[in-house]
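A.B. asks: return atomic coordinates for the entry below.
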Amino acid sequence: MIRKSLLLLCAFLAITAVMICASGAFAEDAKATENAQMPEQLTGEHWAYKEIRELEKKYAPEKRLPEASEGKTCPIGEAAGCFISILDKIVKQSKERGEAIPHEDLERIAALRKALEGELMRHPEYLTVREAIDKMLEKPEEPAFEYKIGVNGFLRGEAVSNFRLKELAFAPGHSEGRLVYRIKPYLYWHPEDYLSIHLEGQGYGYTGSEHNSKYSLYQGFAEFKIPGQDWFALKGGRQEFLYGSAFVLGTNSFLGGLAYDGGRMRIKPVAPLTIDVLGGRYATPFSNGLKGQIAGGYASYAFSEGNVAEAYVIRDDGSASHHPGEHIDIWGLRGTAKIDPVSIEVEPIYESGMVLNPSVGGNDHINAYGGHVDATVEATIAGYHNSFIAGFAAGSGSRDAANGVSVRREFRNPDNDSSVFGDAHVVGDLSGITVSGHHASGLQIYALGWSIEVTKKLRFSATGHYFMANSVESGFSRDIGIETDFNVAYQINDDFSLLFAYDRFFTGRFFSDASGSGKDIDYGYVLFQFNFDKTKPKARKI
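C.D. replies: Coordinates of the predicted model:
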């Protein structure tokens with residue numbers, strides 16, 4: 001057991017080191033590949049020529065591309081000049097008429113600007129429209145539409161062996177399958193830049209070996225801002241709280257979601273700094289049995305894109321069976337850093353508060369810690385975009401918790417479907433895992449993953465997680481097991497996608513010690529995500 005853990009740890013550190021050392025070479029390869037895609041002469045079949053042609057048809061600029069008939073080409077410098085003429089026409093049209101720029105045109109403009117950036121900078125007239133185009137392409141805080149009405153959600157057919165899906169529990173010899181659905185009709189209305197109204201119902205349930213269904217309001221809130229200002233916003237009603245990478249506060253989107261009846265006040269005293277003060281009560285019936293309240297603050301300072309420092313304090317007294325005085329105080333820091341092609345995320349957390357000790361009938365003081373570290377390297381290899389991922393997560397535990405005495409030293413984070421725990425949901429959070437009434441307290445998780453973009457619409461990924469407990473009952477192994485996740489994602493279009501997944505959890509010795517069975521867990525599913533909507537766009541201000 002110890003030898004296996006050391007080998008996995010060494011492999012994790014070695015692969016991380018290799019990825020970081022190799023990142024410079026990968027970056028150069030990526031740049032060379034990108035530059036190689038833009039020739040000095042564009043044929044009529046080149047994607048950039050075709051995209052500029054499409055924009056010409058819509059905006060009728062003064063300068064147009066020459067006909068690139070068979071055997072003839074267009075110099076890239078001339079193509080850049082024609083593109084600038086289109087941008088000039090778009091800027092003037094938007095200012096004079098206040099017309100909205102369609103989303104597909106904004107995507108074309110962004111792709112062409114990135115591909116032709118070197119050529120564009122050689123044209124002085126580009127500098128006169130650059131700032132306006134930057135503003136047009138930036139992601140606005142206010143929605144880019146006046147209203148949107150529609151329905152979205154997913155259908156997921158899933159099957160599992162040696163596991164119960166409803167209880168998310170190990171069950172040797174048991175197999176089952178079911179169809180899970182989540183359907184959300186919605187209306188988003190933004191009559192003014194300072195007012196947003198959001199209504200969203202939900203039907204969630206499953207049918208198959210067991211049946212269950214729930215229908216209710218999922219979100220319903222109004223958000224107000226000071227007209228013409230973005231330093232203050234107030235949102236009230238039923239809403240989700242999503243922060244960071246959903247390690248602590250997330251939306252549990254793989255299942256029935258998670259929302260609160262409450263409010264959020266957002267203040268931006270200076271441009272890079274955002275401070276949120278939030279609070280609410282767990283909203284039923286989609287809270288997975290949790291009842292109680294949550295309140296706290298979250299501050300984020302963005303130095304640049306991908307480089308962010310955050311701090312938060314949250315008090316959470318939500319539980320399925322609450323006892324007087326119980327609550328968790330979560331004190332967290334989170335930082336992300338990006339130096340192409342490497343991205344790193346670090347999130348250490350300390351927990352205090354009070355929790356019931358059933359052996360004495362009173363509350364104990366919580367003293368627990370946890371967190372995670374993740375690194376991602378993006379690389380273009382042989383013309384294909386790849387992502388390499390390495391991660392480590394840990395939560396404290398104790399022998400008292402394993403023996404059912406006190407959980408005051410056991411780290412807990414809400415079950416909100418964080419990717420840290422793998423895809424099969426055998427492990428739900430860092431507090432540990434219970435098998436046949438025997439508890440392993442506190443976990444260490446080591447993860448390695450890889451994904452490749454086969455085409456713009458097709459992606460394959462493979463991820464492995466190794467789980468080890470911090471504390472177990474006397475005579476039990478700390479080896480929880482290894483989970484391997486494989487999936488193929490296909491983006492049909494902007495509104496529809498398919499995901500095919502197969503996961504296998506190779507159970508460690510803890511499972512056989514606890515249940516007498518060492519059978520592995522198999523889980524597979526096909527997920528169809530959809531969105532149907534009717535949208536009235538809002539003019540993008542310049």
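A.B. asks: in which helix or strand does Phe303 reside?
C.D. replies: Using DSSP states H and E, Phe303 sits within strand 293-304.
A.B. asks: what's the spacing between Gly173 and Ser517?
C.D. replies: 8 Å (C-beta to C-beta, to the nearest Å). Quick note: C-beta positions are derived from backbone N, CA and C, even for glycine.
A.B. asks: give the residues shared as contacts by these two.
C.D. replies: Common neighbours of Gly173 and Ser517, using C-beta atoms under 8 Å, 6 or more residues apart in numbering, are Asn162.
A.B. asks: quick one, strands of the stretch 151-300 of the chain?
C.D. replies: 169-192, 195-208, 212-225, 232-239, 260-267, 273-282, 293-304 (DSSP state E, counting those that start in this stretch).
A.B. asks: so which of the ones you listed is nearest Ala393?
C.D. replies: strand 293-304 (20.2 Å; C-beta to C-beta).
A.B. asks: mind giving me the packing neighbours of the strand holding Phe303?
C.D. replies: Counting contacts by 3 or more C-beta pairs under 8 Å, 6 or more residues apart in numbering; DSSP states H and E, strand 293-304 is packed against strand 273-282, strand 307-316.
A.B. asks: kindly reformat the strands of the stretch 151-300 of the chain as TSV containing mean pLDDT, distance to Phe506 and mean neighbour count.
C.D. replies: Shown next, in TSV, are these (pLDDT from 0 to 100; distance: least, C-beta to C-beta, whole Å; neighbours: other C-beta atoms under 10 Å):
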stretch	mean pLDDT	distance to Phe506	mean neighbour count
strand 169-192	95	13	16
strand 195-208	95	26	17
strand 212-225	95	30	16
strand 232-239	97	40	18
strand 260-267	97	37	18
strand 273-282	96	35	18
strand 293-304	94	36	16
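A.B. asks: minimum distance to Ala68: which of those has it?
C.D. replies: Of all the strands of the stretch 151-300 of the chain, strand 293-304 comes closest under C-beta to C-beta, at 39.3 Å.
A.B. asks: ok so, going back, pull the CA atoms of the strand holding Phe303 into CSV?
C.D. replies: Extracted in CSV, the C-alpha atoms of strand 293-304 (Å, rounded to 0.1, in the frame of the first residue of the first chain):
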residue,chain,number,x,y,z
GLN,A,293,-28.8,28.7,5.7
ILE,A,294,-25.6,30.0,4.1
ALA,A,295,-24.0,33.4,4.4
GLY,A,296,-20.6,35.0,3.7
GLY,A,297,-18.4,37.1,1.5
TYR,A,298,-16.3,36.5,-1.6
ALA,A,299,-13.6,38.9,-2.9
SER,A,300,-11.8,38.6,-6.2
TYR,A,301,-8.9,40.7,-7.6
ALA,A,302,-8.1,40.1,-11.3
PHE,A,303,-4.6,41.1,-12.2
SER,A,304,-5.1,40.0,-15.8
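A.B. asks: just the angle for it relative to strand 260-267, thanks.
C.D. replies: Relative orientation of strand 293-304 versus strand 260-267 (axes from the mean of the first three to the mean of the last three C-alpha atoms, to 10 degrees): 30 degrees.
A.B. asks: in a markdown table: the strands of the stretch 151-300 of the chain, plus distance to Ala382.
C.D. replies: Shown next, in a markdown table, are those (distance: least, C-beta to C-beta, whole Å):
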| stretch | distance to Ala382 |
| --- | --- |
| strand 169-192 | 38 |
| strand 195-208 | 42 |
| strand 212-225 | 44 |
| strand 232-239 | 45 |
| strand 260-267 | 45 |
| strand 273-282 | 40 |
| strand 293-304 | 31 |
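A.B. asks: figure out which of those strands is closest to Ser245.
C.D. replies: strand 293-304 (12.8 Å).
A.B. asks: show me what contacts the nearest residue to Gly289 once chain neighbours are set aside?
C.D. replies: Among residues not flanking Gly289 along the chain, Ala320 sits closest, at 4.4 Å (C-beta to C-beta, 6 or more residues apart in numbering). For Ala320, the contacting residues are Gly289, Leu290, Lys291, by C-beta under 8 Å, 6+ apart.
A.B. asks: Ser209 and Val180 touch, don't they?
C.D. replies: No - the criterion here is C-beta atoms under 8 Å, and Ser209 misses it with Val180 at 11.9 Å.
A.B. asks: select only the buried ones of the contacts of Ala320 in ChimeraX?
C.D. replies: Selecting only the buried entries of the contacts of Ala320 in ChimeraX, with 16 or more other C-beta atoms under 10 Å as the criterion:
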select :290
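A.B. asks: in JSON lines: the contacts of Ala320, plus distance to Tyr215 and pLDDT.
C.D. replies: Below are those laid out as JSON lines (distance: C-beta to C-beta, whole Å; pLDDT from 0 to 100):
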{"residue": "Gly289", "distance to Tyr215": "17", "pLDDT": "87"}
{"residue": "Leu290", "distance to Tyr215": "19", "pLDDT": "89"}
{"residue": "Lys291", "distance to Tyr215": "20", "pLDDT": "91"}
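A.B. asks: from the contacts of Ala320, which is closest to His103?
C.D. replies: Leu290 (37.4 Å).
A.B. asks: ramachandran coordinates for the closest one?
C.D. replies: phi -80, psi 140 (degrees, to the nearest 10).
A.B. asks: please apply the same query to Asp340.
C.D. replies: Taking degrees, to the nearest 10 as the convention, Asp340 sits at phi -40, psi 130.
A.B. asks: same check on Ala48?
C.D. replies: According to degrees, to the nearest 10, Ala48 has phi -70, psi -40.
A.B. asks: how many neighbouring residues does it have?
C.D. replies: 21 (other C-beta atoms under 10 Å).
A.B. asks: rewinding a little: list the contacts of the strand holding Phe303.
C.D. replies: With C-beta under 8 Å, 6+ apart, strand 293-304 has contacts from 241, 243, 249, 260, 262, 272-282, 308-318, 330.
A.B. asks: what residues sit buried inside stretch 521-533?
C.D. replies: For stretch 521-533, by 16+ other C-beta under 10 Å, it's Ile521, Asp522, Tyr523, Gly524, Tyr525, Leu527, Gln529.
A.B. asks: CA atoms of that stretch as CSV?
C.D. replies: Provided in CSV are the C-alpha atoms of stretch 521-533 (Å, rounded to 0.1, in the frame of the first residue of the first chain):
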residue,chain,number,x,y,z
ILE,A,521,-17.7,-0.6,-10.2
ASP,A,522,-18.6,0.1,-13.8
TYR,A,523,-20.5,3.1,-14.8
GLY,A,524,-21.5,4.3,-18.3
TYR,A,525,-23.8,6.9,-19.8
VAL,A,526,-24.9,8.8,-22.8
LEU,A,527,-25.7,12.5,-22.2
PHE,A,528,-27.7,14.7,-24.6
GLN,A,529,-27.7,18.4,-23.8
PHE,A,530,-30.1,20.7,-25.5
ASN,A,531,-31.3,24.3,-25.7
PHE,A,532,-34.2,25.8,-27.6
ASP,A,533,-34.7,29.6,-27.4
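A.B. asks: give me the mean pLDDT for that stretch.
C.D. replies: Taken as a whole, stretch 521-533 has an average pLDDT of 96.
A.B. asks: just name the shakiest helix or strand of this protein by mean pLDDT.
C.D. replies: The helix or strand of the chain with the poorest confidence is helix 2-36; it has a mean of 41 (mean pLDDT, DSSP states H and E).
A.B. asks: pull up the pairing partners for the following helix or strand past that one, direction included.
C.D. replies: The helix or strand immediately downstream of helix 2-36 is strand 41-42, counting by DSSP H and E. Taking DSSP bridges as the criterion, strand 41-42 forms sheet pairs with strand 74-75 (antiparallel).
A.B. asks: what residues does the strand it pairs with touch?
C.D. replies: Glu40, Gln41, Leu42, Thr43, Tyr49, Leu65, Pro66, Ala68.
A.B. asks: from the residues you listed, which one has the minimum pLDDT?
C.D. replies: Lowest confidence among the contacts of strand 74-75: Ala68, with 70.
A.B. asks: what subset of the contacts of strand 74-75 is buried?
C.D. replies: Leu42, Tyr49, Leu65, Ala68.
A.B. asks: does the second one touch Ile76 like I think?
C.D. replies: No - at 9.8 Å, Tyr49 and Ile76 do not qualify as touching, with contact defined as C-beta under 8 Å.
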